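1. fold the stuff below for me.
(one chain, ligands or ions: 1)
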Amino acid sequence: MSMSDRDLVREQYRTEAHLETRLSVWYPTADGRDPATEALAALVDATPDAVLEVGCGTGAFASRIVAALPEAEVIAVDQSQRLVELTASRGVTAQVADAEDLPFADDTFDAVSAMWMLYHVPDLHRGLSEMRRVLRPGGTLVAVTNGDDHLIDLRREGGGEPLVTQFSSENGEQALAEHFDDITRDDLRTQAVFHDHAAALAYLESTPEDVEWALPAFDGSRDYAGHVSVFVAR
Ligand SMILES: C[S@@+](CC[C@H](N)C(=O)[O-])C[C@H]1O[C@@H](n2cnc3c(N)ncnc32)[C@H](O)[C@@H]1O
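-> Numbers count the residues shown, from 1 in each chain. Presented below is the predicted three-dimensional model:
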């Protein structure tokens, strides 16, 4: 599957360009909730002394962890050298590492976050068992991902299908249950706003999928619903 093909993922995140195209369109739910803020609250609730952020991307969430937990040791990792550099430029300790082979001793962290990245790990269960291994007993994993109907209207109008991944709102709990005892899931209906047709098409074309997108032209801006889940596992 292209979403977890190591070479395609590496190429997709060689620079920040595709990721930033996608990050720029998202707005909170109708009642003002936003997945990253909910995930951050779950991390803070765990009162961690040491936090690992896996698949940190441009480092926006890692720098929010540092600000929210000024006493904690925070380390961010990503498989992309460029994204690690961007994260470090925000003042976050960051290094290149693969989720399947975390370069940390057992029981190092009180909390681990994995934001929209577990669907990219070629061996999902190896990645999850690495996260469990570096967590201390009783530690917390916060994992955020999308549901199968995330942006479904946009995808269908563009000639695509639902994007069903190996770690989604629907199947995430089952995967986590192989490694963690206690799992909660919080679902959020987010909103993507595209200011014009070109922005919507650029979003579709930025994903690492083998689809010839053909989105019919439209005037003005359009909104589409997203579906995101925040899992907290202990
Ligand atoms: C969809 S982006 C999300 C980035 C960031 N977490 C965010 O929410 O903006 C997925 C990130 O996971 C990273 N990634 C994918 N597979 C990985 C792996 N096996 N090990 C470490 N990082 C990985 C990518 O390089 C990319 O930065």
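
2. mind listing the strands for this structure?
-> Under the criterion DSSP state E, the chain contains strands at 26-27, 50-54, 73-78, 93-96, 109-115, 135-146, 183-194, 222-233.

3. wait, which of those is closest to residue 66?
-> strand 73-78 (5.0 Å; CB to CB). The way it works is simple: take the backbone N, C-alpha and C, and place the C-beta from them, glycine included.

4. packing partners for the closest one?
-> Secondary structure elements in contact with strand 73-78, counted by 3 or more CB pairs under 8 Å, 6 or more residues apart in numbering; DSSP states H and E, are strand 50-54, helix 60-68, helix 81-88, strand 93-96.

5. residue 15 is nearest to which of those?
-> Nearest to residue 15 among those is helix 81-88; the distance by CB to CB comes to 5.4 Å.

6. show me which residues of the closest one are buried.
-> Buried positions in helix 81-88, judged by neighbour count with 16 or more other CB atoms under 10 Å: 83, 84, 86, 87, 88.

7. what bridges to the closest residue in space to the second one that isn't next to it in sequence?
-> It stands for residue 84. Among residues not flanking residue 84 along the chain, residue 94 sits closest, at 4.7 Å (CB to CB, 6 or more residues apart in numbering). Applying DSSP bridges to residue 94 gives these bridge partners: residue 76.

8. likewise for residue 193?
-> residue 223.

9. and residue 51, how many neighbours does it have?
-> Counted with other CB atoms under 10 Å, the neighbours of residue 51 add up to 26.

10. Throw the strands of the chain into a markdown table and include mean pLDDT, thanks.
-> Output for these, formatted as a markdown table (pLDDT from 0 to 100):
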| stretch | mean pLDDT |
| --- | --- |
| strand 26-27 | 92 |
| strand 50-54 | 99 |
| strand 73-78 | 98 |
| strand 93-96 | 98 |
| strand 109-115 | 98 |
| strand 135-146 | 98 |
| strand 183-194 | 97 |
| strand 222-233 | 97 |
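
11. tell me, how many residues neighbour the nearest residue to residue 81 once chain neighbours are set aside?
-> Nearest non-adjacent residue to residue 81, counting by CB to CB, 6+ apart: residue 96, 5.6 Å away. Residues near residue 96, counting by other CB under 10 Å, number 14.

12. returning to that earlier point: could I get the strands of the chain as CSV with distance to residue 164?
-> Formatted as CSV, the strands of the chain follow (distance: least, CB to CB, whole Å):
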stretch, distance to residue 164
strand 26-27, 21
strand 50-54, 22
strand 73-78, 25
strand 93-96, 29
strand 109-115, 19
strand 135-146, 10
strand 183-194, 17
strand 222-233, 12
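
13. and of the ones you listed, who's closest to the ligand?
-> Of all these, strand 109-115 sits nearest to the ligand, with 3.7 Å by CB to the nearest ligand atom.

14. listing partners with orientation, what would you give for the closest one?
-> strand 50-54 (parallel), strand 135-146 (parallel).

15. any part of that strand near the ligand?
-> Yes: applying CB under 6 Å from any ligand atom, one finds strand 109-115 in contact with the ligand at residue 115.

16. that strand: how far from the chain's middle?
-> How far strand 109-115 lies from its chain's middle: 12 Å, per CA atoms, centre = their mean, to the nearest Å.

17. stretch 132-146 now?
-> The answer for stretch 132-146 is 14 Å, by CA atoms, centre = their mean.
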